[in-house]
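J.: Here is my input, please return the structure:
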Amino acid sequence: MRASPVLTRIAVALCLAALAGCSADAPRRADAEPPPRSLPPPDLSEYRLAVGDGVRIEVFGEENLTVNGLLDVTGHISYPLLGSIKALKKTAKELQEEIRRALASGYLRNPDVRVLITHYRPLYIIGQVRRPGVHPYSVGLTVEKALAVAGGVTRLASTRRIYLLPEGASVERRIRVGLDAYVRPGDTLVVEEGLF
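T.: Okay, the predicted model is just below:
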């Protein structure tokens, strides 16, 4: 008994749909992904301060106005005479100028203020590394050096599937990076398992 042409078409359509579903669910081959990006060193001269950053504020000739501190959870830093100063999203130069103006308006004549970043907010490393978690950031840190800080990768790790998620970006904006890519303060590195 021959199958009707309608049933044959339905059977073929179901087979094709099943095959398409299988290929959609199959993991993408590493060589099918775009090549990893090599990110340049960050320009920290325009670095914007955020919670967890450390600064040193100095006023020439005024030792009692030299302060080392961290931006608190609200993005403020406590400073003598001026109280709580908002530093969030400001560059060191912008904060320096704000403090200079505030001190010049009633406290000091022509104050010479310097703001230096003493340390940057940390980096987050998760996935197939020996010590996942929060790690200190240092200037010139590459993916390879960051992985060393995290104790190296596990035996399940794939060095072809390392992703960087810039601070504040959604997961969809993650970037596949190579070992020579530079990382920035607050970034998250994700080391995925290899495909076996």
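J.: Excluding sequence neighbours, find me the nearest residue to residue 167.
T.: In space, and not counting its chain neighbours, residue 167 is closest to residue 186: 3.3 Å by Cβ to Cβ, 6 or more residues apart in numbering. Where you see a C-beta, it was placed from the backbone N, CA and C, and this is true even at glycine.
J.: pLDDT score for the one you found?
T.: Looking at residue 186, its pLDDT stands at 93.
J.: How about the secondary structure of it?
T.: Of the three states, residue 186 takes coil according to DSSP: H, G, I helix; E, B strand; the rest coil.
J.: Same question for residue 148.
T.: helix.
J.: How many residues are close by it?
T.: 13 (other Cβ atoms under 10 Å).
J.: Can you tell me how far it is from residue 135?
T.: Residue 148 sits 10 Å away from residue 135, going by Cβ to Cβ, to the nearest Å.
J.: Ok, residue 124 next?
T.: 8 Å.
J.: do the same with residue 90
T.: In terms of Cβ to Cβ, residue 90 sits 25 Å off from residue 135.
J.: pretty sure residue 193 is touching residue 155, no?
T.: No. The criterion here is Cβ atoms under 8 Å, and residue 193 misses it with residue 155 at 10.1 Å.
J.: Between the two, tell me which one has more neighbours.
T.: Per other Cβ under 10 Å, whichever of residue 193 and residue 155 has more neighbours is residue 193, with 12 against 6.
J.: hang on, the earlier thing: for the residue nearest to residue 167, what are its contacts?
T.: With contact set as Cβ atoms under 8 Å, 6 or more residues apart in numbering, residue 186 has these partners: 50, 121, 122, 123, 137, 166, 167, 168.
J.: Now residue 108. Its backbone dihedrals?
T.: phi -130, psi 150 (degrees, to the nearest 10).
J.: ok, now the one 3 residues further on?
T.: With angles defined as degrees, to the nearest 10, residue 111 sits at phi -70, psi 140.
J.: Helix, strand, or coil at the nearest residue to it once chain neighbours are set aside?
T.: Closest residue to residue 111 in three dimensions, ignoring its sequence neighbours and counting by Cβ to Cβ, 6+ apart: residue 103, at 4.4 Å. Three-state assignment for residue 103 (three-state DSSP): helix.
J.: quick one: pLDDT of residue 103?
T.: 96.
J.: can you give me phi and psi for residue 48?
T.: According to degrees, to the nearest 10, residue 48 has phi -100, psi 130.
J.: For it, which residues are in contact?
T.: 89, 90, 91.
J.: ranges for the helices of the chain?
T.: Listed in chain order, the helices of the chain (DSSP state H) span 5-25, 92-104, 143-149.
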